[in-house]
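1. give me coordinates for this.
(chains A and B)
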Amino acid sequence: MAATETAPGSYIGTSVPRKEDEKLLTGQSRYIDDLTLPGMVWASVVRSPFAHATITSVDVSKAREAEGVVAAFTGADLAEDWAATLPCVWLVTEDTKQPMHRPLATDKARYQGDGVAVVIAETRALAKDAAELVEVEYEPLPAVIDPEEALAEGAPLVHEEFGTNESFVWKLENGDVDGIFASAPVTVKERFRQQRLIPNAIEPRGVLAQYLPAQDEYTLWSATQIPHILRFWLAVVLGVPESRLRVVAPDVGGGFGSKLNVYAEEALALVLARRVGRPVKWTEERSEGYLSTIHGRDHWQEMEFAADEDGKIRAVRAKATVGLGAYLQLVTAGTPILGGWVYGGPYDVEGYSLEVVGAFTTATPTDAYRGAGRPEATYLIERTVDALARKLDLDPAEIRRRNFITEFPKPLASGLEIDSGDFAGALDRALEMVDYEAVRREQAERRERGDSKELGIGLSTYTEMCGLAPSRILGAILYAAGGWDAATIRCLPTGSVQVFIGTSPHGQGHVTTFSQIVADRLGVPIDQVEVIHGDTSAMQLGLDTYGSRSLAVGGVALYNAAEKVIGKARGIVAHKLEVSADDLQYENGRFTVAGTDKSMTVQEAALQAFTAHDLPDGMEPGLEATFVYDPPNFSWPGGAHIAVVEIDTETGEVDLRRYIAVDEIGNVINPMVVDGQIHGGVTQGIAQALWEEAIFDEDGNLTTGSMVSYLLPSAAETIDYELDRVVAPSPTNPLGVKGVGETGTIASTPAVMNAIVDALSPYGVRDVQMPAKPERVWRAIQEGGAS
Amino acid sequence: MRRIAVTVNGKRHEAEVEPRQLLVYFLREELGLTGTVVGCDTSSCGSCTVLVGGESVKSCTMLAVQADGAEVTTIEGLARDGELHPVQRAFHEQHGLQCGFCTPGMVLATVSLLAENPSPSDEEIRHLLEGNLCRCTGYQNIVKAVKAAATA
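-> Numbers count the residues shown, from 1 in each chain, chains lettered A, B, ... in the order given. I've put the predicted structure just below:
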């Protein structure tokens, strides 16, 4: 494959085609299920069919005798193998109730899919066959799926030892909120439901574990977004030295947060490999994964505004009741809190109050799913802004303009500081792109002639906090890890450059994007930059990929490492050319001395550093540098999205006609990659509005148990999105970059729902429960009452 | 066990398989052709799409024994002498892939689509790719890639 013809110095900002593509396009990728080791055996997990049940007995004897079976274990058999609970890295309060979470349940099954036993056999099929021979006696208990029901008097207790299903209450309040509400001329109060979602990365999860007894060494390959964090926590869970555990993320087929975890099967596979003395592979089947992989969202939301007559929002008071599921997985408690500072949106509010209540339910644990707390926050405020606009008979664009933050940096009422933005500019551009006046005219014309197909236009203006994160702030909010990241740049003596990054891509194009940065800064042709990631043995330092942090933190670490390399090279070159370092000019990899023909490249300096024949006194040989970057602030992308829908009021069908996204995401390294992230993110947010929902029956059975009944959009359901950008480079980092991976999902859901309500307001419709399926839309029209 | 003979990417293979073995696992585990992947268990996602006798088939919904005597093309069989197939090249140039997991199936579905519809409209492309799910791209660039491959 031909490398780009673009020259060094101009890679940044260019849509360089991806280096990742060739192997992915030709079937030479290495995803977890492609990996095998000699002697490998397969594990199959036996899972509770009940959402809530006492486990009275587990009998693996028949399974043990089945063809090809190597071993079978109950949860009790393995109880002593765990040194610590599967972790929750962010407990959010000092007295959060955190249950002990073992990889296999022993006393009770607490969600449909809770693992109770595991069978290991010579082949995938034989393991599955034998798993069906495991006999488990359950005494079913009542299930509770809805978080408000879980908190009600008399609800079945998921963890009896706590005496309640309430895991935590988290509060944030600034400003005289009660006082502002007491004197506010206008208030609105709204309530919404964020339905449960199933992430559905197209690659199912899987692991391959190996234990070498002579060296007492563990290796885990896992379809994970977080090899470094996984290594830390698995060492803790297993009680083994971290130095003897290597974690490798091979090619990973998407994550969206669902592979950002320390899963039961990851710990289990390592223990099983040790016990049976053979490498152990486990992969989830899709419908198994619907139960065994974390879910997203699951909030009941309430929002109150205290406002002036002209639509200026003075204070926000929000409450979220969250369905945590049965256990606290890695970020279960923290996910709703991650949006905790943006319930005021991009608006200049004075008073801020947020209360988040986390409730255990007999369901798969929830955790980070694209946006992780910020889609919930943005949905709540953007839907309520439209409610306020309707109450005051104000245009939704106008009310937003009256409230935007316009000066930066700006301390938010919630307590964090937003570094840069251009909300008004983004909205103006989006309105121009959609031709707002024309859409409103057509909407009015249709209403006048009584057209059964209504047009609706919905706005969503947002800011969000990503780029996790300043470690000091994380510590202050009880997050157990830091938010730095690292890069090592190694200039090899023969001219090419190896880059080791602490982030862990699974589709986002880090290899290409980070190659662009290094190629530009060091003047190395892009195909001579090799980016290595995902292996804790290759790169020890890193905090992996989630929360739209890889460029805003990892990319900046990389930039700073390049600066260090250039600094050392400058000293080598100055010495070699017999000039002072200050006399050297540096551009795109070449040092020159003005008015002379003396010059030397970084690559030439690398050879000098290797031979070490003529280095300055006291300088260590070698040309490489590591930078560990701890960001001083979160990253604050923002923007304005607009959805135009056409609704057939006779059938309730919603047709998305246009979708406009104007995002402010700082400086862009690879526009093509960024657009792709927005396309994918927007699609998932639209899917929450229109199609997706995890549905449980009253016994806690997941009735949307496979892709047949959980509606994922195909190309037939989606449309082309119209994208543009405004730029307000972040002053927080030298590249001026911000995160973008989750902005699409954060902004799009309220844009679509606001459009639907806008279309149906003549019928008295104020809300439609997501997903806005035709039946729900139709019923809302019937019940709305107006004609 | 049944004895079958399948020609895959032009090469003939003979093997003994269990009647219940799916074609996708035969390709992956018997023949080591791991480019074809498994994304679901309900024939919904299309990641396992291959060509059998030139027709696109979800290899998770076909038994290996059903492929006895057939000619199968997998993703590994598209490039010739190190040169990408026009569809592969179009996906690369239009950024029609991110994580790559759905990509082999998407590419083979596209090869089949264009063999039957050499000049599809955007709407036709979207409809014809309904059986191939992607979670990363939002499909926009995939449609562009198919369009570009059609005019290549």
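2. ok and the residue in chain B nearest chain A?
-> Closest residue of chain B to chain A, C-beta to the nearest C-beta: residue B:35 (2.0 Å). Every C-beta, even on glycine, is put in place using the N, C-alpha and C of the backbone.
3. surely that residue forms part of a strand?
-> No. Counting by DSSP: H, G, I helix; E, B strand; the rest coil, residue B:35 falls outside a strand, being coil.
4. could you point out which residue ranges in chain B have low pLDDT?
-> Scanning chain B for pLDDT under 70 picks out no residues.
5. what's the longest helix in it?
-> Looking only at chain B and at elements set by DSSP state H, the helix with the highest residue count is helix B:103-116.
6. list the buried ones in that one?
-> The neighbour-count criterion (16 or more other C-beta atoms under 10 Å in any protein chain shown) identifies B:103, B:104, B:105, B:106, B:107, B:108, B:109, B:110, B:111, B:112, B:113, B:114 as the buried residues of helix B:103-116.
7. for these, give me JSON lines that also has distance to chain A.
-> Formatted as JSON lines, the buried residues of helix B:103-116 follow (distance: C-beta to the nearest C-beta, whole Å):
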{"residue": "B:103", "distance to chain A": "6"}
{"residue": "B:104", "distance to chain A": "6"}
{"residue": "B:105", "distance to chain A": "9"}
{"residue": "B:106", "distance to chain A": "9"}
{"residue": "B:107", "distance to chain A": "7"}
{"residue": "B:108", "distance to chain A": "10"}
{"residue": "B:109", "distance to chain A": "10"}
{"residue": "B:110", "distance to chain A": "11"}
{"residue": "B:111", "distance to chain A": "12"}
{"residue": "B:112", "distance to chain A": "15"}
{"residue": "B:113", "distance to chain A": "11"}
{"residue": "B:114", "distance to chain A": "15"}
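8. CSV for the residues you listed, including distance to residue A:196?
-> Output for the buried residues of helix B:103-116, formatted as CSV (distance: C-beta to C-beta, whole Å):
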residue, distance to residue A:196
B:103, 29
B:104, 31
B:105, 28
B:106, 28
B:107, 33
B:108, 34
B:109, 31
B:110, 34
B:111, 37
B:112, 36
B:113, 35
B:114, 39
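9. if we can go back for a sec, neighbours of the closest residue to the residue of chain B closest to chain A other than its chain neighbours, just the number please.
-> Distances taken as C-beta to C-beta, 6 or more residues apart in numbering or on different chains put residue A:27 closest to residue B:35, at 2.0 Å, once the chain neighbours are dropped. The local packing count at residue A:27 equals 23, with neighbours defined by other C-beta atoms under 10 Å in any protein chain shown.
10. torsion angles phi and psi at the closest residue to chain B within the stretch 51-200 of chain A?
-> Nearest residue of the stretch 51-200 of chain A to chain B, counting by C-beta to the nearest C-beta: residue A:200, 5.9 Å away. The phi/psi pair for residue A:200 (degrees, to the nearest 10) reads phi 60, psi 50.
11. tell me the contacts of it?
-> Applying C-beta atoms under 8 Å, 6 or more residues apart in numbering or on different chains, we find residue A:200 in contact with A:258, A:707, A:710, A:712, B:135.
12. and the third one, how many neighbours?
-> Residues within reach of residue A:710, counting by other C-beta under 10 Å, total 23.
13. would you say it is within a strand?
-> No. Secondary structure assignment places residue A:710 outside any strand; it is coil (three-state DSSP).
14. hmm, it is touching residue A:198, no?
-> Yes. Proximity of residue A:710 to residue A:198 meets the contact threshold set by C-beta atoms under 8 Å, at 5.7 Å.
15. re earlier: residue A:525: which of the contacts of residue A:200 is nearest?
-> residue B:135 (33.5 Å; C-beta to C-beta).
16. Three-state assignment for the closest one, please.
-> Under the three-state scheme (three-state DSSP), the conformation of residue B:135 reads as coil.
17. next, count neighbours for it.
-> As a burial measure, the neighbour count of residue B:135 was computed by other C-beta under 10 Å and equals 28.
18. would you agree residue A:127 falls within a strand?
-> No. Assessed by three-state DSSP, residue A:127 does not belong to a strand; its assignment is helix.
19. what about it, how many residues nearby?
-> Here the neighbour count serves as a burial measure; for residue A:127 (other C-beta under 10 Å) it reads 26.
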